[in-house]
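Q: Provided below for reference: sequence and predicted model.
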Amino acid sequence: MELIRGKLCPVVTPESLELDFEIGSASDRIVAFALDLFLIALLLVVSAIAGMVLIGSASPAIAGAAVLVALFVIRQGYFLFFELRNSGTTPGKRNQGLRVVARDGGPLTGEMIVARNLLRDVEFFLPITVLFSPASLLPGGGGLIALVGILWLLIFLLFPWFNRYRMRCGDLIAGTVVIRQPSAKLLPDVAVFASPTGSAAASRAKFDFTAEQLSHYGIRELEVLEDLFRRLDSGRAPPEIMAPVCEKICRKIQWGDPPQDADALVFLREFYRAQRGHLERRLLFGARKEHKSHVTTEE
Amino acid sequence: MNRSDADRDAADFELKSTAFRREREAAWKELDSLVTRIERRGLKKLDSHEAARLPVLYRSAVSSLSVARAISLDRNLREYLETLTARAYLCVYSNQRFVFAVLREFFKTRFPAAVHRVGGLVALSGGIVLLGVATAFALTMRDMDRYDSFVPAAMSGGRTPASTTESLRNVLYSSQASLDGLTLFASYLFTNNSKVGILCFAVGFAAGAPTVVLLFFNGLGLGAMLALYASRGMGLEFLAWVAGHGVTELLAVVLCGAAGLALGRAMLFPGRASRVDRLAETGRATAPILIGSVLMLLLAAFIEGYLRQLVPSMSFRWLLAAVTGAFWIWYFVAVGGANRETATPMMAPVERRPWN
């Protein structure tokens, strides 16, 4: 349901507009990272094979040196290259709909990308190396050093869960945060509908509501009703669910006999429009009625 | 019935939020299609007319969002505008520039200025390395058996107290193996040193302590080896051998260490800003140092692998060391000092942001 969104991170743009970005979830980020790792491994294998072909043909030492440098460049440069080129996305992140943005609301600069990716080395690649070959950290090191590697990896892997915006150490140092690429569709306005007589939306309404009748509900209930219409319009809810809703509203606003059958839908649509008009007008005067038991000062 | 006129009007006629949407919707749709194309194919694929429209449409979306937040209770509309503005914001403030301009700016100002700003820490970091050198030198001179604990077997390359003086001399002067072997050696040195440099920086946020340890350890190896050669009466020759590339290589590691220490300082003494903000700011201010250092290491590996071994003369090696040393001093002190102001200050007060 659209009402449920992940944790939000406020970013203030240079226009002093506060935008709430949804934080990229841990699972999405892990999948994105795994995808990127897979691509890196693929590139490494390809360059190694190319190196072997070269060693067979040309000078072996130069080919060996080229492979050694290529491995370094691929490992260090993959994230740098893509995040710089695609303004904060890598193929893995793009696949998962993730993106790196600056926490201070400014543009994502090269320094930030460099800083956050240098830390990746310490956070992941190094402890993994230690884990698989403990001797690389301490000559002759064995199981105990591997344990250190695991501990090291765990500390950095769990780090994002200990801050509000799920930042890993690299994000912390660089001043960045990974967000979900925003996306939403503009749907038709629920308050615009053809009246039963077939004339335009702005024609006279069939039902009239008094200010007293419109004073019961708040914004939350209005949005629930909007959601109901959207589900009805997209076929995700059967038309039968409207009758009980109509009855409940009639009881609440003391309408009298609830309209039946086709009239129930017309009633609900007109009630929605009237209720929204009422609440929007109150909003302009600074009285924001959040929900039905919320009492604003002017009431 | 007590019915207000205003309510009757509202029910009979178009809502304000609906009229608002009708008037602005065309501009939103235009921005939406522009942003969708940028997300798929990048900013560069826009023609000049579209590129000129983007900021205009973005600003109008910003204003639409402010209005919608104030007057509209259509949740879908508000969410759409929030995301549209956010998407447009990401496109407008994305940082796509020409590679050449970025490189020129980096070498002319960013890198030297970033180094100049942490000048004190560079001195500190260099001091720690020298302390390591002195410690290992003094200890090894007294007892050669300690050499093995300072220089791991992988790094010694057969140069141990057990080696004959003749073989030690050979390492310094032979034009060694063939050129082919040197290429491999140089690229190994480069990747290895780069890893050490990056590590020195990255572990800095743990209050700088691991950086200090790493720098000190780096000095130990050098000091022990110097002691070994000094005990055979080749101390100066060894220094000349190291200095040719060592000036550049050690400086690069020292710079990485200074960047790591800067992170540690931000962690320990954030001043008036929060630790998170200070860390982020320092990380950004020192990132150019890391890039520059890796390039310096590339240069050092080139000098070490080719230049030095091709000309096995002492005076040439001293000259090499003097020229590179003088160049770096000029680059970081004069060029860096001149551009210091153009770069963003590191210890400026940080504005409080809503996430604090």
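A: That came through fine.
Q: Now do the strands in chain A.
A: Listed in chain order, the strands of chain A (DSSP state E) span residues A:8-12, A:18-22, A:98-102, A:176-180.
Q: I'd like the mean pLDDT over the first one, please.
A: Here strand A:8-12 scores 82 as its mean pLDDT.
Q: Okay, and whichever residue of the stretch 251-356 of chain B sits closest to chain A sits in which element?
A: Nearest to chain A, among the residues of the stretch 251-356 of chain B, is B:Ala280, at 2.9 Å (CB to the nearest CB). The C-beta positions use only the backbone N, C-alpha and C, and glycine is treated the same way. Counting by DSSP states H and E, the secondary-structure element that holds B:Ala280 is helix B:275-302.
Q: Which strands or helices does that helix pack on?
A: helix A:110-120, helix A:169-174, helix B:111-117, helix B:179-202, helix B:235-268 (3 or more CB pairs under 8 Å, 6 or more residues apart in numbering or on different chains; DSSP states H and E).
Q: ok so, going back, return the backbone torsion pair for the residue nearest to the residue of the stretch 251-356 of chain B closest to chain A when sequence neighbours are not counted.
A: Distances taken as CB to CB, 6 or more residues apart in numbering or on different chains place A:Gly175 nearest to B:Ala280, at 2.9 Å, with adjacent residues excluded. Dihedral pair for A:Gly175: phi 70, psi 40, per degrees, to the nearest 10.
Q: OK, contacts around B:Tyr188?
A: Counting by CB atoms under 8 Å, 6 or more residues apart in numbering or on different chains, B:Tyr188 makes contact with A:Leu68.
Q: Where does the prediction get shaky in the stretch 251-356 of chain B?
A: B:305-312, B:342-356 (pLDDT under 70).
Q: low pLDDT regions in the stretch 101-250 of chain B?
A: Looking at the stretch 101-250 of chain B by pLDDT under 70, you get B:152-158, B:171, B:173-186.
Q: list the buried ones in stretch B:121-134?
A: For stretch B:121-134, a neighbour-count test (16 or more other CB atoms under 10 Å in any protein chain shown) marks B:Leu121, B:Val122, B:Leu124, B:Ser125, B:Gly126, B:Ile128, B:Val129, B:Leu130, B:Leu131, B:Gly132, B:Val133 as buried.
Q: what number of residues lie near the spatially closest residue to the third one that is not a sequence neighbour?
A: Distance criterion CB to CB, 6+ apart; nearest residue to B:Leu124, sequence neighbours excluded, is B:Leu261 at 6.3 Å. B:Leu261 is flanked by 27 other residues according to other CB atoms under 10 Å in any protein chain shown.
Q: for A:Ser215, same thing?
A: A:Ser215 has 17 nearby residues by other CB under 10 Å.
Q: same check, this time on A:Glu221
A: A:Glu221, neighbours per other CB under 10 Å, totals 18.
Q: now do B:Leu172
A: Residues lying near B:Leu172 (other CB under 10 Å) number 20.
Q: what about it, which helix or strand?
A: Per DSSP H and E: helix B:165-173 holds B:Leu172.
Q: Which strands and helices lie in contact with that helix?
A: If you count contacts as 3+ CB pairs under 8 Å, 6+ apart, helix B:165-173 packs onto helix B:235-268.
Q: From the contact counts, what lies against the helix it packs on?
A: helix B:119-142, helix B:165-173, helix B:179-202, helix B:209-231, helix B:275-302, helix B:308-310, helix B:314-329.
Q: coming back round to it: is it possible to get TSV of the strands of chain A that adds mean neighbour count and distance to chain B?
A: Listed next are the strands of chain A as TSV, based on neighbours: other CB atoms under 10 Å in any protein chain shown; distance: least, CB to the nearest CB, whole Å:
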stretch	mean neighbour count	distance to chain B
strand A:8-12	18	5
strand A:18-22	19	5
strand A:98-102	24	7
strand A:176-180	24	8
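Q: Worst mean pLDDT among these?
A: strand A:8-12 (a mean of 82).
Q: ok, how many other residues are close to A:Gly235?
A: A:Gly235: 7 neighbours (other CB under 10 Å).
Q: Read off the pLDDT value for it.
A: 82.
Q: likewise the one 10 residues further on?
A: pLDDT recorded at A:Val245 is 85.
Q: Distance check, it against A:Ser215.
A: Look at A:Val245 and A:Ser215: by CB to CB, to the nearest Å, they are 19 Å apart.
Q: Kindly report the same for A:His294.
A: A:His294 is 11 Å from A:Ser215, by CB to CB.
Q: what do you get for B:Ala113?
A: 63 Å.
Q: Name the nearest residue to the spatially most central residue of chain A, sequence neighbours excluded.
A: Geometric centre of chain A, nearest residue: A:Arg180, 3.2 Å, by CA atoms, centre = their mean. Once flanking residues are discounted, A:Arg180 sits nearest to A:Glu22: 4.3 Å by CB to CB, 6+ apart.
Q: Just grab the bridge partners of that neighbour for me.
A: Per DSSP bridges, the residues bridged to A:Glu22 are A:Leu8.
Q: quick revisit: among the helices and strands packed on helix B:235-268, which is nearest B:Ser48?
A: Taking CB to CB, helix B:275-302 is the member of the helices and strands packed on helix B:235-268 nearest to B:Ser48, at 32.4 Å.
Q: Quick check: can you list the domain ranges of chain B?
A: What automatic domain parsing lists as the domains of chain B is B:14-92, B:100-342.
Q: hang on, the earlier thing: between the helices and strands packed on helix B:235-268, which one is nearest to A:Val190?
A: Proximity of these to A:Val190 was assessed by CB to CB; the nearest stretch is helix B:275-302, lying at 42.0 Å.
Q: And A:Val46, what's its pLDDT?
A: pLDDT, A:Val46: 89.
Q: Would you map the helices across the stretch 1-150 of chain B?
A: Using DSSP state H, counting those that start in this stretch, the helices of the stretch 1-150 of chain B run over B:5-12, B:16-41, B:48-71, B:75-92, B:99-105, B:111-117, B:119-142, B:147-150.
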